[in-house]
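here's a sequence, model it:
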Amino acid sequence: MTDRLTQLQVCLDQIVAQFNSTINYANTQSELALLDPNPSSVINLAASAPLPGKKEADGDKPDTANGAADDSATAATTTSQAKQPDFDEVINELSTDIILKSRQISMIIDSLPGIGTLPETQLEMISELMGELEETEKERVEKMKEKDVLLKWCEDLIVEVSEGIYHTRT
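Numbers count the residues shown, from 1 in each chain. Predicted structure coming up:
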């Protein structure tokens, strides 16, 4: 497990990525709002004008003699729109993700020693943890010695058994 500062840095990186993707989604998927209350104003007409070199969506439709082709194109457009999630639902989900990540960041920050913690208290905590670490290391060394003794005993036992088997067969 990583320390709290590393967790905090990872969470901050993740929330920045979430903000970036949310803004990108909103910029690319939202419907454009009118800049002026009058829909036929020059500003709104200029904003809704197609980019140079691109045709309007209505101009791209091929002229068909029969209505069946129009019906199938309309049906395909309707089904693709039905499969595409609603913009508001996606924005709500992205917002919820950002809120959850910000709460996680707040919890990590709250778990850090704050301004209210005196340096002496922090030094005491560090010395206590160092004492616990030294005790644990002593226990580990003792267990390693015990393991070596048991391993040597098992090896001696195996040698005795194999010698006994050897002497009974010869």
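
could you name the helices and strands sitting against the strand or helix carrying Arg103?
The secondary structure element spanning Arg103 is helix 87-111 (assigned by DSSP states H and E). With contacts defined as 3 or more C-beta pairs under 8 Å, 6 or more residues apart in numbering; DSSP states H and E, the packing partners of helix 87-111 are helix 4-29. Bear in mind the C-beta positions are built from the backbone N, C-alpha and C, glycine included.

report the distance from the helix or strand that comes right after the helix it packs on to the chain centre.
In the C-terminal direction, the helix or strand that comes right after helix 4-29 (DSSP H and E) is helix 42-47. Between the mean C-alpha location of helix 42-47 and the chain-wide mean there is a distance of 41 Å, by C-alpha atoms, centre = their mean, to the nearest Å.

hmm, who's touching helix 42-47?
Leu32, Leu34, Leu35, Asp36, Asn38 (C-beta atoms under 8 Å, 6 or more residues apart in numbering).

save those as JSON lines, and put in neighbour count, distance to Ile15 and pLDDT too.
Formatted as JSON lines, the entries for the contacts of helix 42-47 read as follows, by neighbours: other C-beta atoms under 10 Å; distance: C-beta to C-beta, whole Å; pLDDT from 0 to 100:
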{"residue": "Leu32", "neighbour count": "8", "distance to Ile15": "28", "pLDDT": "74"}
{"residue": "Leu34", "neighbour count": "12", "distance to Ile15": "32", "pLDDT": "74"}
{"residue": "Leu35", "neighbour count": "12", "distance to Ile15": "31", "pLDDT": "77"}
{"residue": "Asp36", "neighbour count": "12", "distance to Ile15": "36", "pLDDT": "76"}
{"residue": "Asn38", "neighbour count": "10", "distance to Ile15": "40", "pLDDT": "83"}
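
average pLDDT for the strand or helix carrying Val161, rounded please.
Element membership of Val161, judged by DSSP H and E, is helix 119-169. Per-residue pLDDT over helix 119-169 has a mean of 94.

could you say what helices and strands it packs with?
Helix 119-169 is packed against no helix or strand, with contacts defined by 3+ C-beta pairs under 8 Å, 6+ apart.
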